[in-house]
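> Sequence and predicted structure are below.
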Amino acid sequence: MAARGPWMNQSLPPGERAELLVRRMTLDEKISQVHMVDTKEHPREVAGVPRLGIPPFKITNGPLGAGPGDTKPALPATALPAALALAASWNTNLAREFGEIAGKEVADHGDDLIEGPALNITRVPQNGRNFEYFGEDPFLSGQMGVAEVEAIQQQGVIAEIKHFDANSQETDRKGINEIIDERTLREIYLPAFETVVKEADPGAVMAAYPSVNGEFCCRNTHLLKDILRGDWGFKGFVQSDYTATTNAVQCALAGLDLAMKPDHYSGELKTAIIDGKVPKAGLDAMVERRFTQMFKFGMFDHTRTPQLIPAKEDGAVARSIAEQCAVLLKNNGDTLPLDTNTIHSIAIIGPYANVASTGGGGSSAVKPLYTVTPLDGIKHRLGTNVVVTFNNGTNVAAAAAMAKSADVALVIVGNKDSEGHDRPNLLLPYKQDALISAVAAANPKTIVVLKTGGPVLMPWLDQVPAILEAWYPGEEDGNVVAALLFGDVNPSGKLPMTFPKTESQVPASSPEQYPGVNGTAIYSERMLVGYRWYDARNVEPLFPFGFGLSYSTFALTNLGVTPFSAEGNVVVSLDVTNTGSRAGAEVVQVYVAAPPDAGEPPKQLKGFSKVELKPGETGHVTVTLDRRAFSIWSLKAGQWVLAPGVHQILVGTSSRDLPLHSTVTIPNE
């Protein structure tokens, strides 16, 4: 029978099987495979072809866990911490755990592909989707992305990295034209994608909505053909963002294989094939690229049977991850952790105290299997020995009065960033800044817990002794916050993005840069994104990239740096000692400052390692820097080239705390 054709021979390579299958398909069948059905009964699904044994291909949302895939009612899953929170862990092992849960639960739902991880670089802190990304640094983003993609795909699910490329704002995202010079593209906005493509072999890439240098990403030949498939050798398929396919001929010729909506890739593409505007071989390649991945992941050979998600077990992993993502921003006088032996009453205040922050809004939203609010998590942790009172902060005077009579006031505030729009400003919404100030005036032992999707301004910074940035911790929110506040877990997160003091301090501060004028945003800050800008302008941010405190203290000593080897590597080694009284973890960060004539930012992250240590314990850390750490994009050569000369090696625990220095000399090639 046809469905048992030669393409079902599992001993053949996936690409050969795909080619054999496409040869047997009619034109209409091929057209049906390059766009989704997108109906109420079959949301985010490419139709199957029973005649040939082609199964339906089911796509679901990411990147914060197994999304609902537009099913009604939405399928629940484990609400993992936001991707930005994951990046704050600076721990690729956690990214693997994250990917394992996300991939496994996508398979449990019976889906084939998860739209994630998202690898866009945080250019502006106002971006409504920053919580979906890994922050402002390409190296950190790439390393976290590699680990997550590998883990997802080990579950038999295709990972789709997105949004390719420079999806840097939600304001006018479907029409904005971003003017980005080639060197900035290559050194800032492309490297995370490049690293993941080359090291993790993702099955799919999602092309973004915006235009880059005058051409929409979904029909941008330079991005899709020259760079993605040409320079990087990408072998998977390219899918559009949801309604981003604007012209069937241009998209198909540029290398877009799968349209999310059928609008242009159904009748319009068929007509173009018949008229010869798109070669038949081009259509065949579009279908073959996705089928190759489906054969590779066993989707033709094994029927995916939906399974129940082990809520308790997966929730425990989500909690463990989130506990290692929170960043302790301030802790004057060792206010934290709280000692339940000396506290008799706690006032819990704020609009985010009685709701679990499971993520932001938009397509990434996961319907959680369960939630734990901060109020419930703290009450459960304390038992009956401490009196807990609650006020949601709507009545500021009442909240302040309640705080005044308590030993400790916890103000739990935040925001809910969302796809589709950017923040109007960087202040906390709903007058929460005034709430914090009023409570702090009433009780000097006021602790602020932030649940945000990115940086916020802190006009009350000097009024409170302790601040914990918990991000969007996921469904285990309350248990996570309680464990951190009461010292069951020692905070070890580091900021994956800079927190500015003022909105005018950020790199893209003019209307021409952001949100753009007359539909055009000019990336005139070029490579000076995030901490690179603050360093180059010698500006002190509110909190620098890589910053994070601990309940313990650490000392870095004995830096060693090997010469540049014939293989193109430099090995950085040092000792890290826990000089405090609690077990904890420190993140060793290695930055490289290129020679001045290289035209690079003052310094750039090129390596990191997180080490867990008991009190008094010393760990030996090695970080290997490869050839790329000392290279720049040459416009003249059209490739990466070594920057000869003396490079500084700067090692420490944040981008502004780098006590260990050395140098390495890179020879002329």
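Received the coordinates, thanks.
> Under the pLDDT cut-off, which ranges of the stretch 1-150 of the chain? List them.
Along the stretch 1-150 of the chain, the parts satisfying pLDDT under 70 run over 1-3.
> where do the helices sit along it?
14-23, 27-32, 83-88, 92-109, 138-153 (DSSP state H, counting those that start in this stretch).
> isn't residue 515 right next to residue 171, touching?
Yes - assessed by C-beta atoms under 8 Å, residue 515 is found in contact with residue 171 at 4.1 Å. C-betas here are computed from N, CA, C, even on glycine.
> okay, and the common contacts of these two?
residue 422 (C-beta atoms under 8 Å, 6 or more residues apart in numbering).
> so what are the domain limits for the protein?
Listed domain ranges for the chain are 57-278, 315-505, 552-666 (source: automatic domain parsing).
> follow-up on the earlier one: point out the most buried one among the helices of the stretch 1-150 of the chain.
Counting by mean count of other C-beta atoms under 10 Å, helix 83-88 has the highest mean neighbour count of the helices of the stretch 1-150 of the chain, with a mean of 30.
> Give me the buried positions along the worst-scoring helix or strand of the chain on mean pLDDT.
Least confident helix or strand, the chain: helix 267-275 with a mean of 93, by mean pLDDT, DSSP states H and E. Judged by neighbour count (16 or more other C-beta atoms under 10 Å), helix 267-275 contains these buried residues: 268, 269, 270, 272, 273.
> Can you name every helix or strand that it contacts?
For helix 267-275, the contact count by 3 or more C-beta pairs under 8 Å, 6 or more residues apart in numbering; DSSP states H and E identifies helix 27-32, helix 248-254, helix 280-296 as packing neighbours.
> quick one, it and helix 280-296 angle?
Computed by axes from the mean of the first three to the mean of the last three C-alpha atoms, to 10 degrees, the angle separating helix 267-275 from helix 280-296 equals 120 degrees.
> quick one: contacts of helix 267-275?
With C-beta under 8 Å, 6+ apart as the contact definition, helix 267-275 has outside contacts at 27, 28, 31, 34, 248, 249, 252, 278, 280, 283.
> farthest-separated two in the residues you listed?
Pairwise distances among these were taken by C-beta to C-beta; the largest, 18.3 Å, belongs to 28 and 249.
> any low-confidence regions in the stretch 451-600 of the chain?
For the stretch 451-600 of the chain, counting by pLDDT under 70, not a single residue falls below.
> before we move on, back to that, what is the nearest of the buried residues of helix 267-275 to residue 554?
residue 269 (58.2 Å).
> Relative to residue 236, how far out is the closest one?
Computed as C-beta to C-beta, to the nearest Å, the residue 269 to residue 236 distance reads 20 Å.
> try residue 309
Distance from residue 309 to residue 236, by C-beta to C-beta: 27 Å.
> Distance-wise, check the nearest residue to residue 353 once chain neighbours are set aside relative to residue 610.
Among residues not flanking residue 353 along the chain, residue 412 sits closest, at 4.1 Å (C-beta to C-beta, 6 or more residues apart in numbering). Distance of residue 412 to residue 610, computed by C-beta to C-beta: 27 Å.
> Between those two, point out the one with more neighbours.
Neighbour count, other C-beta atoms under 10 Å: between residue 412 and residue 610, residue 412 has more, with 30 against 19.
> and the more buried one, what does it touch?
For residue 412, the contacting residues are 348, 349, 350, 352, 353, 374, 448, 449, 451, 481, by C-beta under 8 Å, 6+ apart.
> bridging residues for residue 467?
With beta bridges defined as DSSP bridges, residue 467 has these partners: residue 330, residue 448.
> give me every residue that touches it.
Per C-beta under 8 Å, 6+ apart, neighbours of residue 467: 328, 329, 330, 447, 448, 449, 450, 458, 461.
> now do 10 Å
Contact partners of residue 467, counting by C-beta atoms under 10 Å, 6 or more residues apart in numbering, are 327-332, 335-336, 411, 436, 447-450, 458, 460-461, 543, 549.
> And for residue 188?
Residue 188 neighbours (C-beta under 10 Å, 6+ apart): 121, 123, 136-138, 166, 180, 523, 525-530, 532, 601, 604, 633.
> Tell me which entries of those residues lie within strands.
With strands taken from DSSP state E, the overlap with the contacts of residue 188 comprises 604, 633.
> Mark which of the contacts of residue 188 are buried, thanks.
By 16+ other C-beta under 10 Å, the contacts of residue 188 give 121, 123, 136-138, 166, 180, 523, 525-530, 532, 601, 604, 633 as buried.
> what's around residue 628, how many residues?
Count around residue 628 with other C-beta under 10 Å applied: 15.
> ok, for it, nearest residue in space, not its chain neighbours?
Residue 628's closest residue in space is residue 640 (C-beta to C-beta, 6+ apart), at 6.6 Å.
> For the one you found, give me phi and psi.
Here is the backbone geometry of residue 640 (degrees, to the nearest 10): phi -80, psi 130.
> can you check the one 5 residues further on too?
Taking degrees, to the nearest 10, you get phi 120, psi -170 for the backbone angles of residue 645.
> and the nearest residue to it once chain neighbours are set aside, what does it touch?
Excluding its sequence neighbours, the residue lying closest to residue 645 (C-beta to C-beta, 6+ apart) is residue 595, at 3.6 Å. Taking C-beta under 10 Å, 6+ apart as the contact definition, residue 595 lies against 630, 643, 644, 645, 646, 647, 648, 665, 666.
> Mind picking the two most distant members of those?
It's 644 and 648 that sit farthest apart of the contacts of residue 595, by C-beta to C-beta, at 14.4 Å.
> Span of stretch 382-389 from start to end?
End-to-end span of stretch 382-389 (C-alpha to C-alpha, to the nearest Å): 12 Å.
> Mind listing residues that contact that stretch?
338, 340-341, 343-349, 375, 378-379, 402-403, 405-410, 482, 486.
> Give me the buried entries from the residues you listed.
Among those, the ones that count as buried by 16+ other C-beta under 10 Å are 338, 343, 346-349, 375, 378-379, 402-403, 406, 408-410, 482, 486.
> returning to that earlier point: ranking the domains of the chain by burial, who's on top?
domain 57-278 (a mean of 23).
> how distant is it from the center of its chain?
On the basis of C-alpha atoms, centre = their mean, to the nearest Å, domain 57-278 sits 11 Å off its chain's mean C-alpha point.
> again with stretch 15-28
The answer for stretch 15-28 is 36 Å, by C-alpha atoms, centre = their mean.
> now swap in stretch 630-641 and tell me
For stretch 630-641, the distance to the chain centre is 27 Å (C-alpha atoms, centre = their mean).
> Can you tell me the SS state at residue 582?
coil (DSSP: H, G, I helix; E, B strand; the rest coil).
> my read: it touches residue 617, true?
No - counting by C-beta atoms under 10 Å, residue 582 stays clear of residue 617, with 11.5 Å between them.
> so residue 196 is in which element?
Element membership for residue 196, per DSSP states H and E: helix 191-200.
> What strands flank the next helix or strand after that helix, and is each parallel or antiparallel?
Using DSSP H and E, the helix or strand that follows helix 191-200 towards the C-terminus is strand 204-207. Sheet partners assigned to strand 204-207 using DSSP bridges are listed as strand 158-164 (parallel), strand 237-240 (parallel).
> how about the CA coordinates for strand 204-207, as PDB?
C-alpha atoms of strand 204-207 as PDB (Å, rounded to 0.1, in the frame of the first residue of the first chain):
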ATOM      1  CA  ALA A 204      13.400  24.800  13.000                       C
ATOM      2  CA  VAL A 205      13.800  28.500  13.000                       C
ATOM      3  CA  MET A 206      11.000  31.000  13.200                       C
ATOM      4  CA  ALA A 207      11.400  34.100  11.000                       C
END
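> what is the mean pLDDT for the helix or strand just after that strand?
Sequence-wise, the next helix or strand downstream of strand 204-207 (DSSP H and E) is strand 211-212. The average pLDDT within strand 211-212 is 98.
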